[in-house]
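Chemist: Next comes the sequence, and after it the predicted model I'd like to discuss.
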Amino acid sequence: MDIGGRTVSTWHYGGELPAREIRARKGDLLRVQLRNELPQPTTVHWHGIALRNDMDGVPLLTQPEIAPGAEFRYEFTVPDAGTHMFHPHVGTQLDRGLYGALIVEDPAEPADYDAELVVIFDDWLDGTGRDPDRVLSELKANGMGAMPGHGGMAGNGGMQMSRSDLLGGDAGDVTYPYFLANGRTSEAARSFEARRGSRIRLRLLNIGGDTSFRVGVPGVPMTITHTDGFPVVPTRAEAVLLGMGERVDAIVTMPDQPLPLFGLAEGKDGRAHVLLQPGAGAAPDLPAAAAQLSARPAMVNAIPAAESVRLPNRSPDVTHELTLGGPEPVYTWTINKEVYDPARGFPVRRGERVRLRFNNTTTMYHPMHLHGHTFQVVGPAGPGPRKDTAIVLPGQLLEVDFDADNPGQWLTHCHNIYHGEAGMMTVIQYVED
Ligand code: C2O
Ligand code: CU
C-alpha cells in the first residue's frame, strides 16, 4: 500500500486503505461475505452496531475464528443510524491496514448540510521494519511494570516519552513513525473539495492502536452533533479529542482558503490531515497551522445526549464495578485483577438497567468499549452522551448506564489494542433466571 511518500507491506481489506466504505440505511439487512486470504485466522467486528450476538465477530465468544482460506458470511440488521466502523477482532490485526467506515443513514433525519466528509485517523507502523505482533511481544518482554511513567519506552526502538495533560499524563505505550488520515500521511494528504461557505458534515473516526487524536480545523469552529452515532445537544468547539474507537460527527463551514482538517497525535510527535479545498490555492504552512489548534479541545464525555436519545430515567437494577489495573507485573492490563478469560464475566439479565463503574487505578487512560449496546455516560450534573466507547482518565471513576436489551455474550474492553491483548477485556454475560 502507498501511504503517501512511502510504500508498506501490510494486510488490508480488498486492496484499499481504508477499506471501501460500507453504507447502509437504518433497518437494512447487511450481508458481507468475508474470504480470509491472510496468513492468520481472523474475524470482523462491527464496532458500534447493536447487532445479533452471533455476528459480533469475537472469537470463541460469538463465533469460531475464520481460518486462512476459509469464508464466512456476516448477515445482520443495522438497527441504529450513525458513524461506525469495522475491524478484525483477532490478536493485534487491528493495528495493520484492516479497517473501514460503516455508515448507517437515517432517511428520516433532517440533513442540514451540503456535503459529507468521512475521515479515519490512524497511527501506523506496520511494514516499516516493525509489525504489531512484534511490538506486543517487545512490550511484554520489556516489562514496563518496572518503570513508572513508562510512556513510549518499551518496544519502540526510540526513547521518546508520550505525555499529555489532557489524557492525564501518559499518552501511549508505542511510538509510531506515521500518522494517517484516510490512509495517507500529511506529505501526500488527500484533499476534499467543496464550495466555500457550504456546510460540511464531518464523520470523524479514530481506529488508532495506541493514539488519541486532537481533531479540528485551525480557526474554524465546529459544531459537534453526534457521539458514537447518537445525537447530542449541538456543541461548539475549536477541536475535539478522539480516543481509540471513538467517533464524532460535527458540522463545519467550508473556509475561503485551503485549510487542513487535522488529527494531531495527542501527546505524541506527529499529525495527519485532509486538506479542505474550496477552490484553487496552496495549503498553508502546516506546523504553523497545527500550532493554532492549541485551544483546549472538547471532551465528549461532558456533552449531554439529545433529548430524543436519552435513556428513560431509572435507577440501576444491577451495578458492576470494573477496576482497571496494570501494567504489573510484566505488561499485564487487568480488570478486577484478572486478565481476559472468555468464560468469566459480569452477569446481567434481559430487561435490567445496568450500571458499569470503570474505576481506573492505573497511570494511563483507557478508552473502554462495550459491544452490542450504546451506554449513556453518567454526568456529574445529569445525563452525558450516548456512547459505546469512552475515555477513562487515570484515577477517574467513570459510570455508564445501559439497558440490557440485546441478549448474548458481549465483550467490554480497552480499545488500546495492546492493552486489550494484554488482558484488559471481559464479558457482559446475559444469564437466564
Ligand atoms: Cu472496536 Cu471489541 O472493538
Ligand atoms: Cu487501556
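Modeler: The structure has been received and is ready for your questions. Residues are numbered from 1 along each chain as shown. Ligands and ions are numbered 1, 2, ... in the order given.
Chemist: centre of the chain versus the strand or helix carrying residue 274, how much separation?
Modeler: Here residue 274 sits within strand 271-277, counting by DSSP states H and E. Relative to its chain's centre, strand 271-277 lies at 19 Å (Cα atoms, centre = their mean, to the nearest Å).
Chemist: average pLDDT for that strand?
Modeler: Average pLDDT, strand 271-277: 98.
Chemist: so what does it touch, helix or strand wise?
Modeler: With contacts defined as 3 or more Cβ pairs under 8 Å, 6 or more residues apart in numbering; DSSP states H and E, strand 271-277 has these neighbours: strand 115-124, strand 178-181, strand 191-193, strand 259-265, helix 286-291. Backbone N, C-alpha and C define where each C-beta goes, glycine included.
Chemist: Determine which of these approaches ligand 2 most closely.
Modeler: Ligand 2 lies closest, by Cβ to the ion, to one member of these: strand 115-124, at 14.5 Å.
Chemist: And the following helix or strand past the closest one, what's buried?
Modeler: Tracing the chain past strand 115-124, the next element assigned as helix or strand by DSSP H and E is helix 132-142. By 16 or more other Cβ atoms under 10 Å, the buried positions in helix 132-142 come out as 132-133, 135-136, 138-140, 142.
Chemist: wait, which of these is closest to ligand 1?
Modeler: residue 132 (14.8 Å; Cβ to the nearest ligand atom).
Chemist: State the distance from the closest one to ligand 2.
Modeler: Noted for residue 132: a distance of 15 Å to ligand 2, by Cβ to the ion, to the nearest Å.
Chemist: list the contacts for that residue?
Modeler: Each residue near residue 132 by Cβ atoms under 8 Å, 6 or more residues apart in numbering is listed here: 91-96, 125-126, 209, 417.
Chemist: close enough to count as contact, residue 98 and residue 12?
Modeler: Yes: look at residue 98 against residue 12 with Cβ atoms under 8 Å: they come within range, at 6.5 Å.
Chemist: Can you check which residues contact both of these two?
Modeler: residue 19.
Chemist: nearest to residue 305, of the helices and strands packed on strand 271-277?
Modeler: Minimum separation from residue 305 across those (Cβ to Cβ) falls at strand 115-124, 22.2 Å.
Chemist: tilt between that closest one and strand 271-277?
Modeler: 160 degrees (axes from the mean of the first three to the mean of the last three Cα atoms, to 10 degrees).
Chemist: low-scoring stretches of this structure, by residue?
Modeler: Low-confidence segments of the chain (pLDDT under 70): 143-160.
Chemist: near ligand 2, which residues of it?
Modeler: Contacts of the chain with ligand 2, taken as Cβ under 5 Å from the ion, map to 366, 414, 416, 419.
Chemist: Let me know the closest of those residues to residue 396.
Modeler: The closest of the residues of the chain next to ligand 2, once distances to residue 396 are taken by Cβ to Cβ, is residue 366, at 9.6 Å.
Chemist: what residues does this protein put near ligand 1?
Modeler: 45, 47, 87, 89, 245, 369, 371, 411, 413, 415 (Cβ under 6 Å from any ligand atom).
Chemist: Out of the residues you listed, which sit inside strands?
Modeler: Among the residues of the chain next to ligand 1, the members found in strands (DSSP state E) are 45, 47, 87, 369, 411, 413.
Chemist: quick one: which of the residues you listed is most hemmed in?
Modeler: Of all those, the most densely surrounded is residue 413 (27 neighbours; neighbours counted as other Cβ atoms under 10 Å).
Chemist: can you pull up the bridge partners for it?
Modeler: With DSSP bridges as the criterion, residue 413 is bridged to residue 369, residue 425.
Chemist: So it versus residue 47, what's the distance?
Modeler: 11 Å (Cβ to Cβ, to the nearest Å).
Chemist: Identify the contacts common to the two.
Modeler: residue 369.
Chemist: How many residues are close by residue 68?
Modeler: Residue 68, neighbours per other Cβ under 10 Å, totals 12.
Chemist: what about it, distance to residue 186?
Modeler: 35 Å.
Chemist: What residue in this protein comes nearest to ligand 1?
Modeler: residue 47 (3.6 Å).
Chemist: Contacts only, for that residue.
Modeler: Going by Cβ under 8 Å, 6+ apart, the list of residues near residue 47 reads 84-87, 102, 245, 369, 388.
Chemist: So the residue nearest the centre of the chain versus ligand 2, what's the distance?
Modeler: In the chain, the residue lying closest to the centroid (Cα atoms, centre = their mean) is residue 245, at 1.0 Å. Using Cβ to the ion, residue 245 is found at 11 Å from ligand 2.
Chemist: Hmm, that residue is touching residue 206, no?
Modeler: Yes: with contact defined as Cβ under 8 Å, residue 245 counts as touching residue 206 (6.8 Å).
Chemist: coming back round to it: I'd like the residues of the chain next to ligand 2 laid out as a markdown table, including distance to residue 333 and neighbour count.
Modeler: As requested, the residues of the chain next to ligand 2 are exported to a markdown table (distance: Cβ to Cβ, whole Å; neighbours: other Cβ atoms under 10 Å):
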| residue | distance to residue 333 | neighbour count |
| --- | --- | --- |
| 366 | 8 | 28 |
| 414 | 7 | 31 |
| 416 | 8 | 27 |
| 419 | 4 | 29 |
